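K.L.:
predicted model and sequence below, questions to follow.
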Amino acid sequence: MAYTTSELAALSGVTARTLRYYDRIGLLTPPLAANGYRQYGQAEVDRLQLILTYRALGFALAEIQALLTQPPAKQAAMLADQRKRLLAERRRVDRQLQALDVTLANQKGGSEMSDPEKFEALKRQRLQENDAAYGQEVEARYGKAVKAAADAHYAGLTAAQYQAMTEAEEQLKVALLRYLTAPVLPSAAAKQAYAAHRTWLLATTPNLTEQMHRALAAMYTDDPRFTAYYTKLTGNARAAGALRQIIEHYTREQEAN
């Protein structure tokens with residue numbers, strides 16, 4: 001059976017405008033009937049069903065377009081990867097809900113947490129968030145043992161150490177913003193940014209080397225998630241690139257000395 005655009009829209013629940021857009025980008029291109037109108041056959045209906053399924057699974061249109069060109073084995077692998085991402089996202093949302101429930105209970109007086117308990121809960125939440133966002137990359141670069149040691153060190157931070165790490169992050173922000181007004185290497189602002197960043201990292205990675213520091217800095221521009229973090233921290237989209245240049249300059253200076 002063949003369908004017009006409006007008929008398929010009514011059947012599928014997708015708007016006619018969306019179907020025309022799919023045609024324009026080459027995602028779902030039906031043949032034209034003798035009268036010049038789009039005519040959707042069984043193959044197009046089946047393809048639309050796949051498109052809608054993949055959309056529901058969280059794939060972007062560009063990803064779907066690439067997915068539909070792959071052989072079945074490759075499609076299965078891509079679906080498996082998407083499943084992992086969705087599981088990670090579900091764990092992140094579950095942690096947020098848990099933290100929200102605790103906060104609501106505290107505000108309503110239903111559960112009173114001591115300051116040490118609140119601090120420990122905060123550390124656990126940060127560890128879980130970092131693991132979900134960056135755990136695989138860190139393990140790939142440095143190995144499971146290094147990551148496990150860093151996680152254990154972070155979990156063992158005292159309140160004073162955690163406060164020092166928070167202050168170092170704020171100092172990094174201030175120094176980076178100063179540097180971005182006059183990005184010159186070397187400079188006092190650059191050196192302060194480097195020192196603050198190193199202090200911040202040492203709180204969680206006490207065995208940090210210059211080489212490790214540079215490798216982390218490379219991720220700040222290579223991985224959009226890190227870039228977005230420093231953009232949000234400073235309000236300046238150039239922050240991640242500037243910090244990478246600063247770290248590369250001073251780590252090589254340290255090695256030369």
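P.N.:
Happy to help now that I have it.

K.L.:
from here on, just use CA atoms for contacts and neighbour counts.
P.N.:
Will do.

K.L.:
could you pull out the helices in the stretch 101-250 of the chain for me?
P.N.:
With helices called from DSSP state H, counting those that start in this stretch, the stretch 101-250 of the chain shows them at 115-142, 144-155, 159-181, 188-202, 210-222, 224-234, 239-256.

K.L.:
out of the ones you listed, nearest to D101?
P.N.:
Nearest of those to D101, taken as Cα to Cα: helix 115-142 at 12.6 Å.

K.L.:
can I get the helices of the stretch 101-250 of the chain in TSV with mean neighbour count and distance to R83?
P.N.:
Shown next, in TSV, are the helices of the stretch 101-250 of the chain (neighbours: other Cα atoms under 10 Å; distance: least, Cα to Cα, whole Å):
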stretch	mean neighbour count	distance to R83
helix 115-142	15	14
helix 144-155	16	22
helix 159-181	18	34
helix 188-202	21	32
helix 210-222	18	24
helix 224-234	16	20
helix 239-256	18	30
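
K.L.:
any weak-confidence spans in the stretch 51-200 of the chain?
P.N.:
102, 106-119, 121-122, 133-134, 141-142 (pLDDT under 70).

K.L.:
for L79, find the nearest of the helices of the stretch 101-250 of the chain.
P.N.:
helix 115-142 (18.2 Å).

K.L.:
the host helix or strand of A66 packs against which elements?
P.N.:
Counting by DSSP states H and E, the element that carries A66 is helix 61-67. For helix 61-67, the elements it packs on are helix 42-56, judged by 3 or more Cα pairs under 8 Å, 6 or more residues apart in numbering; DSSP states H and E.

K.L.:
pull out the buried residues from the helix it packs on.
P.N.:
E44, V45, L48, I51, Y54 (16 or more other Cα atoms under 10 Å).
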